[in-house]
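Asks: need a 3D model of the following:
(2 chains)
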Amino acid sequence: AQTVTQSQPEMSVQEAETVTLSCTYDTSESDYYLFWYKQPPSRQMILVIRQEAYKQQNATENRFSVNFQKAAKSFSLKISDSQLGDAAMYFCAYRSAWPPPRDDKIIFGKGTRLHILP
Amino acid sequence: DTEVTQTPKHLVMGMTNKKSLKCEQHMGHRAMYWYKQKAKKPPELMFVYSYEKLSINESVPSRFSPECPNSSLLNLHLHALQPEDSALYLCASSQDSGFEQYFGPGTRLTVT
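Replies: Coordinates of the predicted model:
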């Protein structure tokens, strides 16, 4: 079974600085997707970034980028120029690329609470 | 447009009440999901509908009853809930199995 581990329950970063959130996962599959979801205090879960396992190039979305290390099964999120609006719970998540119907699930990590210090 | 809508935003119900949560998406997505989320925890999957058919039921108590009337709508019928069922209930949809999921804002449920 796949697992996702986020070892940092909470982190803080100064506004305008850069922060990296860690995520490791375990799987025997070769084809899968990895995601970072953000859930601000308003509680709506928002997809921040996604990475296809078959792509070697790291995904980027504006100030958000990932460091995907497939062999090490590591998938960290870097937030550059942190803003107050980045304060949220961040969930790392895994999904099989071709799940059978009864296994169509996202596996979430336990989350990292990110605080932005003004 | 990646919008999933949920109503109501907040719901308070007694243990003998019957109520329903509603979820709607107009993105043509063929998979829809119900999650339960407790504070400071990741979402827990409850049900999955794929092409309007229930494909996953994660051993959820029968006091929760899902329904998918059409490809855009998903309901969760609630009956005889317990106080421990108080949580944020999230709906999500995805283009198909294996694609990223888009979440609605959730319904904050309180059972008294």
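
Asks: for the spatially most central residue of chain A, what are its contacts?
Replies: Most central in chain A under Cα atoms, centre = their mean is residue A:36, positioned 2.9 Å from the mean C-alpha point. Residue A:36 is in contact with A:21, A:23, A:47-50, A:64, A:66, A:77, A:90-93, counting by Cβ atoms under 8 Å, 6 or more residues apart in numbering or on different chains. Bear in mind the C-beta positions are built from the backbone N, C-alpha and C, glycine included.

Asks: now do residue A:68
Replies: With contact set as Cβ under 8 Å, 6+ apart, residue A:68 has these partners: A:34, A:51, A:58-59, A:74-75.

Asks: list only buried entries from the contacts of residue A:36.
Replies: With burial judged by 16 or more other Cβ atoms under 10 Å in any protein chain shown, the buried subset of the contacts of residue A:36 is A:21, A:23, A:47-50, A:64, A:66, A:77, A:90-93.

Asks: and the closest residue to residue B:81 other than its chain neighbours, what are its bridge partners?
Replies: Counting by Cβ to Cβ, 6 or more residues apart in numbering or on different chains, residue B:81 lies nearest to residue B:111, which is 4.6 Å off, once chain neighbours are set aside. For residue B:111, the beta-bridge assignment (DSSP bridges) gives partners residue B:13.

Asks: buried sites along stretch B:42-52?
Replies: Within stretch B:42-52, the residues that qualify as buried are B:42-43, B:45-50, counting by 16+ other Cβ under 10 Å.

Asks: nearest to residue B:24 among the residues you listed?
Replies: In terms of Cβ to Cβ, no member of these lies closer to residue B:24 than residue B:49, at 13.2 Å.

Asks: so what's the closest one bridging to?
Replies: Note on residue B:49: beta-bridge partners by DSSP bridges are residue B:32, residue B:54.

Asks: which residues touch it?
Replies: B:31-33, B:55, B:66, B:68, B:74.

Asks: what residue ranges in chain A score low on pLDDT?
Replies: By pLDDT under 70, chain A has no low-scoring segment.

Asks: that one against chain B: which residues are in contact?
Replies: A:33, A:35, A:37, A:42-47, A:50, A:89, A:91, A:95-99, A:101-102, A:104-106, A:108-111, A:113 (Cβ under 8 Å from any Cβ of the partner chain).

Asks: PyMOL command for the buried members of the residues you listed?
Replies: Per 16+ other Cβ under 10 Å, the buried members of the residues of chain A next to chain B correspond to this PyMOL selection:
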select buried, chain A and resi 33+35+37+43+44+45+47+50+89+91+95+96+104+105+106+108+109+110+111
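
Asks: if we can go back for a sec, for the helix or strand where the residue nearest to the centre of chain A lies, the distance to its chain's centre please.
Replies: Element membership for residue A:36 (DSSP states H and E) is strand A:32-39. Averaging C-alpha positions (Cα atoms, centre = their mean, to the nearest Å) puts strand A:32-39 5 Å from its chain's average.

Asks: returning to what we had before: report the two of the contacts of residue A:68 separated the most.
Replies: Farthest-apart pair in the contacts of residue A:68 is A:59 and A:74; separation 14.1 Å (Cβ to Cβ).
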